[in-house]
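[1] What follows is a predicted protein model with its sequence.
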Amino acid sequence: MSHLDEGQLTLLLDGELSPEARAEAERHLAGCADCRRLYQEVRDLAGEADRLVATVEPAVRPAPAVQPSAPRPRRAWERWRPLAWAATLVLAAGLGWYARLGHLDGAPAADRLGAARAESAKAADLPDNAPRPPEPAAPLATLPEATTRDGPAASSSAARPAEAQPAAPPPAVEQAQPAEAPVAAAPAPAPRRDAEAVAGTLAAGNALEARRERAPAAAGASRAVTTAEAPLAARDEVSSKQAVEDAAVSPARSVSLEQAIRVLGGSIRLVDGMTPVAVRTIPGRGVPGAEPDAVVVRIVYLDPPGRELWLDQQRPGPAEPEAGARSAPALLPGDTLVSALADGQRRLRWRDPEGFHLSLAGWLSGDSLKALARRVR
Amino acid sequence: MPPVPPEELFAQYWQPLLRMLYRRTGDQDRAEDLAAETFARAVEAPPDNPRPWLFAVALNLVRDDGRRAVRQGRRLQLLKGESTTTAPAADTDYERADTAKKVQAALAGLRDLDREVLLLKAEGFDYDEISAATGLAKGAIGTTIARARRRLVEAVRAEEKDRDVASR
């Protein structure tokens, strides 16, 4: 056998030779002093290199948290999931009855219908464990509540239209439509977004995302039975009225991280060390405090108890007026603003040096939000 | 092999990945940015064979320096008048810190491939994994590692010698 070179000796040293090659190399080493010297040198160099590389260690920083870590306890509605099909029938029958009332009562019922839709859509935009907003005082207010609580049931109906839709009396559907069109309180966002919401979720957020999508699906299902979309002109009129309540219930749309980066013009901010469970885009007018004309990208994380934590971000618009000229409170880079939201959440808003509007919202203290915001990169 | 759940992936590989990236870049903030971006991608498309995948993606990100998601200069200046405190370096021992500095400089002077192979080996990669992460043929890895180790050691020794001469 010819002499061994450094590469072969390194393979031997690192235990990467096949048993035959190893046996052969060792036989050669036993009879060749030059190769033994070189092997010793290779071994010393390897030891020295390892020691040197090991001196370079990153600074110890607080270990980044990653969520979700532990399985959540089952929520109340999850225990009832096996009975979802029964709830579907009840819901469909109830909606048929409700739509029939709408026909009998005319416009006032249609108003209530609008409220019902707004309510269910609002529920759809909230995390499951979010405190529910106060129920509307309309006489038939129990219906939207039922729609909300039966989110998973209604999602079953969406998944199995053959069961759900025949149960709703077709004439009632037709009767409800004409009453719906002129309703000024119709939510601005187009219902078809609900369908899009199913597309493109983050793999890690699958479980959560599936849970989140049930609610919009529920809202969508109730609309499918009770209403048709308002004509385009009517919707435009609605959006021009900028009904704040309605805008706040804009359905979120799940997107991939890549899509979100495109929306933001090529870069994205993430909370360092946390794993997003979902990414959504929401019309700016649907997010209080956001620039109304730009899309909000919402990165969803989970806090330790498993509640959602939102990192919202908007790129500065091309024609964005200078600070002070906007209607929203002007935030300069470096400023922060903590505000309490109605349902016990807090929101921290700030602008980063590149002018991005950022906000963190969750069931956390202002200080915790600030600490998290420092990890946004 | 089913993809490893993200939280497990994170628990298992965050520290090694950060360490490798820090050794590769010499910049902790940047290393953290790159590691975070790497994990974001892993969450988006969970890899079947995560270790070589994560390190390959991270090394690609280092190479594509100007890549949008980890652009430098987009660091947050959050609270007016509030200085962001960085934890003290692990290298509190002066001598060790001094050596680390020399090693960083020596690493920076290596060829990209040599450095990458050396750092992956330092993370306990076997040759198959190094091959998967770098695209280098397995047969060439022994020679590459041997060369990288020798150059690193020689560069550090040369620096020590220079300093000795300069301090005389």
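    Structure's in. What do you need?

[2] Can I take it that residue A:360 is in a strand?
    Yes: according to DSSP: H, G, I helix; E, B strand; the rest coil, residue A:360 belongs to a strand.

[3] got a list of what it touches?
    A:271, A:309, A:310, A:311, A:312, A:347, A:348, A:369, A:372, A:373, A:376 (CB atoms under 8 Å, 6 or more residues apart in numbering or on different chains). Backbone N, C-alpha and C define where each C-beta goes, glycine included.

[4] again with residue B:120
    B:20, B:55, B:129, B:130, B:133, B:134.

[5] In a strand, residue A:298, correct?
    Yes: looking at residue A:298 with three-state DSSP, it is inside a strand.

[6] That one: what's its closest spatial neighbour, skipping adjacent residues?
    residue A:280 (4.5 Å; CB to CB, 6 or more residues apart in numbering or on different chains).

[7] Kindly format the C-alpha coordinates of the helix or strand hosting that neighbour as CSV.
    If you go by DSSP states H and E, residue A:280 is part of strand A:278-282. Output in CSV follows, covering the C-alpha atoms of strand A:278-282 (Å, rounded to 0.1, in the frame of the first residue of the first chain):
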residue,chain,number,x,y,z
ALA,A,278,-50.2,31.4,11.9
VAL,A,279,-49.9,34.4,9.6
ARG,A,280,-52.8,36.4,8.4
THR,A,281,-53.5,39.5,6.4
ILE,A,282,-56.3,41.8,7.5
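
[8] now for it, which elements pack on it?
    Helices and strands touching strand A:278-282, by 3 or more CB pairs under 8 Å, 6 or more residues apart in numbering or on different chains; DSSP states H and E, are helix A:206-226, strand A:253-254, helix A:257-263, strand A:296-302.

[9] quick one: average pLDDT of the first one?
    If you average the pLDDT over helix A:206-226, you get 36.

[10] now stretch A:22-35
    The pLDDT scores in stretch A:22-35 average 95.

[11] And stretch B:122-132, by the same measure?
    Mean predicted confidence for stretch B:122-132 is 94.

[12] gap between the two ends of it?
    Taking CA to CA, to the nearest Å, stretch B:122-132 runs 16 Å from one end to the other.

[13] how much space between residue B:19 and residue A:58?
    Going from residue B:19 to residue A:58 by CB to CB, to the nearest Å gives 6 Å.

[14] doesn't residue B:58 make contact with residue B:133?
    No: taking contacts as CB atoms under 8 Å, residue B:133 lies outside contact range of residue B:58: 9.1 Å.

[15] Grab the CA positions of the worst-scoring helix or strand of chain B on mean pLDDT and hand them over as PDB.
    Least confident helix or strand, chain B: helix B:28-44 with a mean of 86, by mean pLDDT, DSSP states H and E. Provided in PDB are the C-alpha atoms of helix B:28-44 (Å, rounded to 0.1, in the frame of the first residue of the first chain):
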ATOM      1  CA  GLN B  28     -24.400  37.500  17.800                       C
ATOM      2  CA  ASP B  29     -27.300  39.600  16.700                       C
ATOM      3  CA  ARG B  30     -26.900  38.600  13.200                       C
ATOM      4  CA  ALA B  31     -26.600  34.900  14.200                       C
ATOM      5  CA  GLU B  32     -29.800  35.200  16.100                       C
ATOM      6  CA  ASP B  33     -31.500  36.800  13.100                       C
ATOM      7  CA  LEU B  34     -30.300  34.100  10.800                       C
ATOM      8  CA  ALA B  35     -31.300  31.300  13.200                       C
ATOM      9  CA  ALA B  36     -34.800  32.800  13.700                       C
ATOM     10  CA  GLU B  37     -35.200  33.100   9.900                       C
ATOM     11  CA  THR B  38     -34.000  29.500   9.500                       C
ATOM     12  CA  PHE B  39     -36.600  28.300  12.000                       C
ATOM     13  CA  ALA B  40     -39.300  30.400  10.400                       C
ATOM     14  CA  ARG B  41     -38.600  28.500   7.200                       C
ATOM     15  CA  ALA B  42     -38.500  25.200   9.000                       C
ATOM     16  CA  VAL B  43     -42.000  26.000  10.400                       C
ATOM     17  CA  GLU B  44     -43.200  26.900   7.000                       C
END
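
[16] Just list what it packs against, helices and strands only.
    helix A:257-263, helix B:6-25, helix B:50-63.

[17] Report the secondary structure state of residue A:30.
    Classification of residue A:30 using three-state DSSP returns helix.

[18] Contact residues of the stretch 151-300 of chain A facing chain B?
    A:202-204, A:256-258, A:261, A:266-270, A:272-273, A:275-276 (CB under 8 Å from any CB of the partner chain).

[19] and if we set it to 10 Å?
    Residues of the stretch 151-300 of chain A found near chain B (CB under 10 Å from any CB of the partner chain) are A:202-205, A:256-258, A:261, A:264-277, A:279, A:299.

[20] Buried members of those residues into PyMOL, please.
    Buried subset of these, written as a PyMOL selection, criterion 16 or more other CB atoms under 10 Å in any protein chain shown:
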select buried, chain A and resi 202+203+204+205+256+257+261+264+267+268+269+270+271+272+273+274+275+276+277+279+299
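
[21] Show me chain B divided up by domain.
    For chain B, automatic domain parsing gives the domain ranges B:1-72, B:91-168.

[22] for chain B, what's the longest helix?
    Scanning chain B for the helix with the most residues, using DSSP state H, yields helix B:138-167.

[23] From the contact counts, what lies against that helix?
    helix A:6-13, helix A:33-54, helix B:94-109, helix B:112-122, helix B:127-134 (3 or more CB pairs under 10 Å, 6 or more residues apart in numbering or on different chains; DSSP states H and E).

[24] Please point out which parts of it sit buried.
    Residues of helix B:138-167 classed as buried by neighbour count (16+ other CB under 10 Å): B:141-153, B:155-156, B:159.

[25] where does the chain have low pLDDT?
    Using chain A. A:1, A:62-91, A:97-252, A:317-336, A:342-343 (pLDDT under 70).

[26] wrong chain, I was asking about chain B
    B:1-2, B:65-93, B:166-168.

[27] Let me know the angle separating the least confident helix or strand of chain B from helix B:6-25.
    If you take axes from the mean of the first three to the mean of the last three CA atoms, to 10 degrees, helix B:28-44 sits at 140 degrees to helix B:6-25.

[28] Measure how helix B:28-44 sits relative to strand A:278-282, angle-wise.
    Using the same axes, to 10 degrees: helix B:28-44 against strand A:278-282 is 90 degrees.

[29] hey, which of the domains of chain B is tucked in deepest?
    The highest mean neighbour count among the domains of chain B, using mean count of other CB atoms under 10 Å in any protein chain shown, belongs to domain B:1-72: a mean of 19.

[30] centre of the chain versus it, how much separation?
    Here the centre of domain B:1-72 is set off from its chain's centre by 10 Å, with CA atoms, centre = their mean, to the nearest Å.

[31] Now render the helices and strands packed on helix B:28-44 as a markdown table, adding distance to residue A:294.
    As requested, those are exported to a markdown table (distance: least, CB to CB, whole Å):
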| stretch | distance to residue A:294 |
| --- | --- |
| helix A:257-263 | 9 |
| helix B:6-25 | 29 |
| helix B:50-63 | 28 |
